[in-house]
Every structure is written in structure tokens, then in C-alpha cells.
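A.B. asks: A predicted structure for the sequence below; I have some questions about it.
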Amino acid sequence: MNIIELQQGTIEWHQHRANHFNASEASAMLGLSKYKSRTNLLHEKATGIAPDVDAATQHRFDEGHRAEALARPHVEKIIGAELYPVIGSEGKLSASFDGLTMDNIVCWEHKTANADLLLALPRKEIPEEYKPQMEQQLMLSGAQHCLFSATKWDGDVLVEEAHCWYEPDYDLRDRILQGWANFAIDLEEYKRKLAAGEIIAETPKPQAEAIMALPSVVINATGVISASNLKDITPRFDLFLSSANTKLVTDEDFVNGDATAKFSRETAAALKMKAKEVIGQIATVSEAVNTLTLYADKFDALGLQLEKLVKSEKDNRKLQIISKAGIEFSAHVDSLEAETRPIQLNIARPNFAEEIKGMKRLDKMQEAIDNALRNSKYDADRIAADIRAKLVIYSGSKAAGYEFLFRDLQTIIAKPKDDFELIIQTRVSAYIAEENAKREAERKRMEAEATAKAEREAAAKLAEETARKDEVSKHITQHDHKAEAEERDNLFYRDCIIAHQDEIAEFMKSRDFGKDNNRIRAILVEFVKHQETRKSRARCA
């Protein structure tokens, strides 16, 4: 913060304030001030013209400064440090401190005590309209606390006092910064319109225009009407009735309409009363009575028409103001949702009708609606900025590729930033762990199946090898048995042949088979084997 060497209340100080956005103006800029509207502030900043300060107001200011000076030593004891009046600025923002400690840790804001402050501060409740000033002071100075004091003095005697500590509110701080940024834009536009003659200074409360004076009815009757000015005054009546404005647009039109309606009603009542007076004077005065009654009805009709018009047109204008603000707010939310898709902003529509409840003047209605709309837009901007920041976290995190885990994104994105980020990390990590566990389980299952298959194949191969070996062994055994049997048979047949060889030789000698000799000998040998085999089987049987 830059320290400005100026004395509060001097011409140079006022010039400094005119060129800066001051902490004491922050409440009006946000539309929270009871004493100055945002439009008034725009006009003052654009023209450099501040409202004239009358003697009573100046006396109130002087008493406020005197009370501040008297209260300072008392407050220094509460704080435990000396306080110094300081003017500081940073860029376009400025603040005039009633008191600031040398270490810039504590600042002090003083107000003249009133019933509201004396009731609220002991309960540690600071009215909203005072908070923006202190928040801007903390923001510029870097102070950590602000003591808010309200005192009332009788001369130099402290009569009443109340104190309350104000702590930084960073949401309000953001709102102030955005508010001044918007105000700067609106100020340039206001200056442009002012230069173009499109706007003029805010007018005071509309007053009804002077209503055309109408002559009094004079009728004297003594059996017959002896004097009457009806012929002279009825044209004036007709002129009044025909010139009455029934097209109501501005606050002035409505005020004039109300006044004309009231005047017409009063005129109608007066004419009816005069008609009764004429009747009381003479019985046969039908022409005068009819004329008076006719105009009484006309004035009644005009009064009724204007009463209805004032009400209906005011209702229409009020509805237009509310409707326009609603459309503008919806359009603003739509533009924000275009930046936060697929997330929809769950922002409640402001109750603009409630904001102007009980108000009579259209300009005050418009001011209240503008403030409500501006505040609602700020809240919407803040929510949208939070959503956009979380969407950046979402898109830049491990969630990419795991969007199916966040079908409830619309719901969880409303959670605080840290909680939202934790949900993303937890879900993705849990899913990855679960998938890894599934893959590991599948790997183990496939490994087990492969092992089981290998074991089955090894067992089958072993069984096959064993069977083959058994078969080979069986064949070997059978072959051995056959060989043994053949060996036995050969020994058996050899013994038979040996036993009968002399007989075979003697038979062969007794016959001359010639070239068939060997063949016949072989046949005899086989015959001997056959015969011995039969004998052997017979013996076994």
C-alpha cells in the first residue's frame, strides 16, 4: 500500500478521493448503502459533483470527527498500541483509516453510535453495510484485524460505546474487487451517455405538477335561478377533462396521475354537494342540477380512470422491470453454462419481486433490481469459476479415460475442491487396484490351468509310456514263452525222431522213392511228430 501524505478533509484529500475508488464508497458500489445509491455514486464519479452539504449535515460530520478524536486514546488502550490516521492507495483503490498501528497489524474504524450499532456490536454482529469499508481497508493495508467502534459523547464525556472485531472475509474481498471492476466499466459508459445527453442527474422525488385551478360554481336560486356561472365555467371543466394525461410512463406521470385523480374526486364531491345546495334552494332547477350532476360524474369517471391507470401502469412497469432482470439473469447463467458443460449451474433465480416489495418510485425499484441482479450475477460468476476450476482438475487428473466412474459428476463437483479432488483420486485408484487384482487373479487362474494341463499331459504321456512299456514287456514275455514252447517242442520232436529214426531209416531203405526220397523222409518225420503229439495230449487229457 502506498501512503498518501494528505490530511483528511482538505481540498487535496477530496481531489484524491474523486480520482479513486474509496473504501467508504464500497458499500454504495455494492448497493448496500442506506445513504447513497450506486447510481448516485456513478454520477458523482462521472461529474465530480458531490451533493451540497447543508449546515446540519456538516455539523454531524464535525461531531463525528470530534467523537473519533476523543475515542482514539480510549481505543488504543483496548488494542494495546498507538493508532495513526493514514491514507493509503493501491492502483485505483484507496482507503482513509481512522487509525492504523505502526506494524499494520490492526486498523480501526469509528462510527457515531446509533441504536442499531449499540444493539448489534455487543452481540458481535456487524451490519452488512459497514463490512465492505473495513474489508477494503484490510485488503489494502494487509492488516489482520479491524476494531469496529461506535461511541456517543456528551461534550467530552463518553456516554455509550460498543466495539466488535472484524476479521477478513475473502469471499467479500473477491466480491469487492469484481464489483469495482464492473463499476469502472459502468462508469465509462455513464460518462459516454452523460456526454451524449442520454442521461441527466438523478432527479429528486417527483412532485405533482400544479393542477389547473377551476372556478367555483356560483348558483343562487329564489324560486328560479337568479344567478349562475355554469355557462362560463363548464368550458373550463371540459378543457381540464380533455387535457388530463392518461398515458403514464415516468415516475412524474404516476405522481401527477395520483394528484389529478385525487383532485377529480374532490371536484366531483364538491359538484355533488353544490347540486344538493341548489336543490335545497329551489325545487325546479333541473337544468342546473343535471349540469352539476353530469360534470360530477365526469370528474368521478376521470378520477376512477386515473386511479386504475396509475395502479395498472405501475404494476405493468414493475412487471417489466422484474421480467427484464429475470431474462438478463437467465441469459447470463446460460452464457456461463456454455463454459461449464456438461455441468449445469444449480443457481436459484433471484426473487426480484421481493427486492422491490413496498417501493413506490420506479427509479428506486430499478436501482434495487439492478443491485440484486448485479449481486446475483456475481454469485453466479463465483459458482461458475469454482466449477471451471474443478473441471480443469478433472480433465487434467488421472480421471482421463475413466469418465465412466463419474456419472455423478454433476453432484460431486458441488463438493469443496479438496473433497472433489480426493473423490477423483480415490475412485480411480480403487478402480485401477481392482482391475490389477482381477488381472492378477486371471493370470494365476491361467497359470494354474496351464500347470494342471501340463501335469495331465505329463501323466497321460507317462501312462502311455508305461502302457507301451507294458505292451513291449508283454510281447517280450509272450515271445519268450513261445520260444520256450518252441524249444520244448523242438526237444520233444527231436526226442521222438531220435526214438523212431531207426524205423524211419529201415522204411526208407525198403522203398525206392528216387528223387522224392528226401520229401518222403520229411513227411515221415512230421507224421512221427504228429503221432507223438496226439499221444501226449491223450495222456494230458
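C.D. replies: Right, received. Where do you want to start? What you see is a predicted model; the values in this text were computed from it and never measured. Numbering: from 1, shown residues only.
A.B. asks: centroid residue for the chain?
C.D. replies: Taking CA atoms, centre = their mean, the centroid of the chain lies closest to Ile383, which sits 3.6 Å from it.
A.B. asks: low-confidence stretches in the stretch 101-250 of the chain?
C.D. replies: For the stretch 101-250 of the chain, the stretches flagged by pLDDT under 70 are 199-214, 217-226.
A.B. asks: 90 - rerun?
C.D. replies: 189-250 (pLDDT under 90).
A.B. asks: ranges for the strands of it?
C.D. replies: Using DSSP state E, counting those that start in this stretch, the strands of the stretch 101-250 of the chain run over residues 106-112, 145-154, 157-166, 219-222, 224-228.
A.B. asks: can you say which of the ones you listed is packed in most?
C.D. replies: strand 106-112 (a mean of 23; mean count of other CB atoms under 10 Å). Backbone N, C-alpha and C define where each C-beta goes, glycine included.
A.B. asks: which secondary structure elements does that strand sit against?
C.D. replies: Contacts defined by 3 or more CB pairs under 8 Å, 6 or more residues apart in numbering; DSSP states H and E place strand 106-112 against helix 55-79, strand 93-100, helix 131-141, strand 145-154.
A.B. asks: quick one: stretch 105-122 to chain centroid distance?
C.D. replies: How far stretch 105-122 lies from its chain's middle: 34 Å, per CA atoms, centre = their mean, to the nearest Å.
A.B. asks: got the end-to-end distance for it?
C.D. replies: The straight-line separation of the ends of stretch 105-122 (CA to CA, to the nearest Å) is 23 Å.
A.B. asks: could I get the strands of the stretch 101-250 of the chain as CSV with distance to His59?
C.D. replies: Formatted as CSV, these follow (distance: least, CB to CB, whole Å):
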stretch, distance to His59
strand 106-112, 12
strand 145-154, 14
strand 157-166, 18
strand 219-222, 57
strand 224-228, 59
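A.B. asks: just for the stretch 401-541 of the chain, where's the confidence low?
C.D. replies: 401-418, 420-432, 435, 447, 451-541.
A.B. asks: what ranges do the helices span in it?
C.D. replies: Secondary structure of the stretch 401-541 of the chain, counting by DSSP state H, counting those that start in this stretch: helices at 409-412, 417-509, 517-540.
A.B. asks: pick the most buried one from these.
C.D. replies: helix 409-412 (a mean of 14).
A.B. asks: what's the closest non-adjacent residue to Ser376?
C.D. replies: Among residues not flanking Ser376 along the chain, Pro350 sits closest, at 4.4 Å (CB to CB, 6 or more residues apart in numbering).
A.B. asks: and the one you found, that's in a helix?
C.D. replies: No. Applying DSSP: H, G, I helix; E, B strand; the rest coil, one finds Pro350 to be coil, outside a helix.
A.B. asks: OK, contacts around it?
C.D. replies: Taking CB atoms under 8 Å, 6 or more residues apart in numbering, we find Pro350 in contact with 325, 329, 372-373, 376.
A.B. asks: how does this protein divide into domains?
C.D. replies: As assigned by automatic domain parsing, the chain contains the domains 2-195, 219-314, 417-540.
A.B. asks: and the last one, how far out from the chain's middle?
C.D. replies: In other words, domain 417-540. Relative to its parent chain, domain 417-540 has a centroid offset of 87 Å by CA atoms, centre = their mean.
A.B. asks: over to the longest one?
C.D. replies: When C-alpha coordinates are averaged (CA atoms, centre = their mean), domain 2-195 and its chain have centres 31 Å apart.
A.B. asks: cool, the second one as well?
C.D. replies: Relative to the mean C-alpha coordinate of its chain, domain 219-314 is positioned 58 Å out (CA atoms, centre = their mean).
A.B. asks: hmm, Leu362 and Lys314 touching each other?
C.D. replies: Yes. Lys314 is within contact range of Leu362, at 7.5 Å (criterion: CB atoms under 8 Å).
A.B. asks: so what sits against both of the two?
C.D. replies: Phe254.
A.B. asks: quick one: Asp363 from Leu302, how far?
C.D. replies: 27 Å (CB to CB, to the nearest Å).
A.B. asks: got it, and His110?
C.D. replies: In terms of CB to CB, His110 sits 56 Å off from Leu302.
A.B. asks: what's the local residue count around Asp171?
C.D. replies: Other residues near Asp171 come to 10 when the count uses other CB atoms under 10 Å.
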